[in-house]
Structure formats: structure tokens, C-alpha cells
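Engineer: Please work out how this folds:
(2 chains)
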Amino acid sequence: NAGVTQTPKFQVLKTGQSMTLQCAQDMNHEYMSWYRQDPGMGLRLIHYSVGAGITDQGEVPNGYNVSRSTTEDFPLRLLSAAPSQTSVYFCASSLSRGLSGNTIYFGEGSWLTVV
Amino acid sequence: GEDVEQSLFLSVREGDSSVINCTYTDSSSTYLYWYKQEPGAGLQLLTYIFSNMDMKQDQRLTVLLNKKDKHLSLRIADTQTGDSAIYFCAEKKENNDMRFGAGTRLTVKP
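Structural biologist: Residues are numbered from 1 along each chain as shown, chains lettered A, B, ... in the order given. The predicted model follows:
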């Protein structure tokens, strides 16, 4: 049981480059989300999806795009990387958005540095 | 306030109890959580408490909830070096949004 898998684990980008962080879950979860974690701050929600074909913005969506063409995959795209996007990114999934916290699973994180 | 607030650092001696405190934002939050993050790893759910409870105990972990003050605490009894990690408080708001604190880095000294 792989759970939530994120790739890559580490990435260095130059300012202006684009890239995609991949996230996949094998638990048939409806709800998937992306967070970023910055020093001294809590996790902040970037985008989320309540099912295939449905996405919505979170707290800090600017500079990021998402899509949800399948239940399993929820990639996060950085359109034109900026140093302010240097962060650790976490993908998470749960059966549905409204259930209790014991169903939320996090990936291991992707460390992104933009130079 | 708008943020879930936690102290950033806590240091204890092995065998002592650790108490990590958190103030959350929304009195109508339905669930409150504690997550643990070890170095280089994702967040692991430790425990959670429903908003109509004021205490939950799970082995060495005790969660206390004061709804009036919007205060949540996590007590770890007999703290071990393996408990060294960052602990995040989080709330599930009424609209199902999750809001996380900045995390408390717990250091356990031998």
C-alpha cells in the first residue's frame, strides 16, 4: 500500500523555469490537496480537489496550477518559478473533505529551491 | 486572531512530561488535531479530538481542549528522544478548511 506518493523529493529550479510536482494516491480518495510549508508558518493550502475534474483555490494559489483528470493523480504546476516559491510542498488526500482527521494522509514532501 | 498559534520551540529532559500549547481561531471548528513531523518526512497524524470533548487520552498522549478560550494542548508523558520532532496543531473549520499552526519543535535531551 503506497499511500500518497510525491515526486521529485528534491528539485532546484532557475527563476522563470516551469515544473510539475507529481502526486499520486492509491486509496481511491476523492479529496486531494497541496500545501506549502515555510519556516515559522503553518502549512498553507495552495489548491485542492474534491474529485476528478473539480479543482479549487486555497489560501495561496497564485503562481500555481492544478488539474485532476483522474482520481489518483493531482499534479501541481509552477508556471514561472520565483524565489518566493522556495518551500517544502506536501500533497495530502482523504476519503472526502468533510470527514474527521483520521483519514488525511500526507506525502513525504518535495523540497523545492528556486535560485 | 486569524492564525493558529503555537510556541516555536520546547526543550525537555528525557523522562519528563512535555506540554505543547496551541490557540486556534474558530470557535465553531469541528475537529482539532495534532500532527508530528520528523526530519525529512511528511506529517503523521498523532491524535485528534472532536469539539464536544474536553479531554482525550491515548497511551502517553493527553489532549486537553478548552473551547471557551480556544486552547488546545498536547501532553506527552515520559518523553523519549524519539519524540523529538515538530508538532503541528490544526483545526478543521466549519467549512471543512484545515488551518495549521507553524509547529513547535520539541527537543528531548538525554
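
Engineer: Could you list the low-confidence segments of the chain?
Structural biologist: Since no chain was named, I'll use chain A. For chain A, the stretches with pLDDT under 70 are A:1-2, A:97-103.

Engineer: Not quite, go with chain B.
Structural biologist: Across chain B, the ranges flagged by pLDDT under 70 are B:1-2.

Engineer: ok, the closest residue to B:Leu61 other than its chain neighbours - how many residues close by?
Structural biologist: Leaving aside its sequence neighbours, B:Leu61 sits nearest to B:Thr47 (CB to CB, 6 or more residues apart in numbering or on different chains; 5.5 Å). The way it works is simple: take the backbone N, C-alpha and C, and place the C-beta from them, glycine included. Burial measure for B:Thr47: 19 neighbouring residues, criterion other CB atoms under 10 Å in any protein chain shown.

Engineer: right, and B:Thr47 touches B:Asp58 too?
Structural biologist: Yes - B:Thr47 sits in contact with B:Asp58 when judged by CB atoms under 8 Å, with a separation of 5.4 Å.

Engineer: related to what we said a few turns ago, what strand or helix carries the residue nearest to B:Leu61?
Structural biologist: strand B:43-50 (DSSP states H and E).

Engineer: can the helix or strand following that strand be found next to chain A?
Structural biologist: Using DSSP H and E, the next helix or strand after strand B:43-50 towards the C-terminus is strand B:55-58. No - contact between strand B:55-58 and chain A is absent, the nearest approach being 11.7 Å (criterion: CB under 8 Å from any CB of the partner chain).

Engineer: Downstream of strand B:55-58, the next helix or strand is which one?
Structural biologist: Downstream of strand B:55-58 (by DSSP H and E), the next one is strand B:61-66.

Engineer: Identify each buried residue in that next one, please.
Structural biologist: In terms of neighbour count (16 or more other CB atoms under 10 Å in any protein chain shown), strand B:61-66 has its buried residues at B:62-65.

Engineer: Could I get these in JSON lines, plus columns for distance to B:Glu38?
Structural biologist: Formatted as JSON lines, those follow (distance: CB to CB, whole Å):
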{"residue": "B:Thr62", "distance to B:Glu38": "21"}
{"residue": "B:Val63", "distance to B:Glu38": "20"}
{"residue": "B:Leu64", "distance to B:Glu38": "24"}
{"residue": "B:Leu65", "distance to B:Glu38": "25"}
